[in-house]
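*Asks:* Everything below, folded, please.
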Amino acid sequence: VQLQASGGGLVQAGGSLRLSCTSSGRTFSSYAMGWFRQAPGKEREFLGTINRVGTTTYYADSVKGRFTISRDNDKNTVYLQMNSLKPEDTAVYYCAAGQFPVTTTRTNYWGQGTLVTVSS
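*Replies:* Numbers count the residues shown, from 1 in each chain. Prediction:
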C-alpha cells in the first residue's frame, strides 16, 4: 500500500484546510486509517482515526470539534477537514493505514507528510 498525502499549505489562523490521502492498489478498504502530525522538535502526535467502512471515528482532545476525518472507499481516499486552525497546528501531517484504532503502534503503512503552516 502506498499512501500519498496532499492539500497542505499556508493558511491564516481561523482558516480551514482539507487534506487528502490517496492509496494505490485495491486494498484501501481493508485498512482503518489514521492522521498524525509532527511539529519541529516534537514527537509525532495522533490526531484521529476512522474505521474501514467510515462509520466510527476517534479524535485526540487537541483537535476534537475542529478536525473531521472521513473516507471515500470508492476513491481510495481519506480526508482530514481542519477548521478553526491555530498557529500551534503548524506541522507536517501524515496519514497511515493499519488496524482500528490506528495509533502509532497499530500502523502498517505511512504516507509521506504534507506541510501545514498556520500564520497568526
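
*Asks:* in this protein, which residue is closest to the centre?
*Replies:* When Cα atoms, centre = their mean is applied to the chain, the residue found nearest the centroid is Trp35 (2.8 Å).

*Asks:* ok, it touching Val92?
*Replies:* No. Taking Cβ atoms under 8 Å as the contact criterion, Trp35 and Val92 are not neighbours in contact, 11.6 Å apart. Where you see a C-beta, it was placed from the backbone N, CA and C, and this is true even at glycine.

*Asks:* quick revisit: how far does the helix or strand the residue nearest to the centre of the chain falls within sit from its chain's centre?
*Replies:* Using DSSP states H and E, Trp35 falls within strand 32-38. With Cα atoms, centre = their mean, to the nearest Å as the basis, strand 32-38 stands 4 Å off its chain's centre.

*Asks:* Stretch 7-20 too?
*Replies:* Taking the mean of its C-alpha atoms, stretch 7-20 sits 12 Å from the chain's own mean (Cα atoms, centre = their mean).

*Asks:* And that stretch, what's buried?
*Replies:* For stretch 7-20, burial by neighbour count (16 or more other Cβ atoms under 10 Å) applies to 7-8, 11, 17, 19-20.

*Asks:* Equivalent analysis for stretch 93-103, please.
*Replies:* Of the residues in stretch 93-103, those scored as buried under the neighbour-count criterion (16+ other Cβ under 10 Å) are 93-102.

*Asks:* before we move on, back to that, give the buried residues for the strand holding Trp35.
*Replies:* Of the residues in strand 32-38, 32-37 count as buried by neighbour count, 16+ other Cβ under 10 Å.

*Asks:* Same question for stretch 65-74.
*Replies:* By neighbour count, and taking 16+ other Cβ under 10 Å as the criterion, the buried residues in stretch 65-74 are 67-69, 71.
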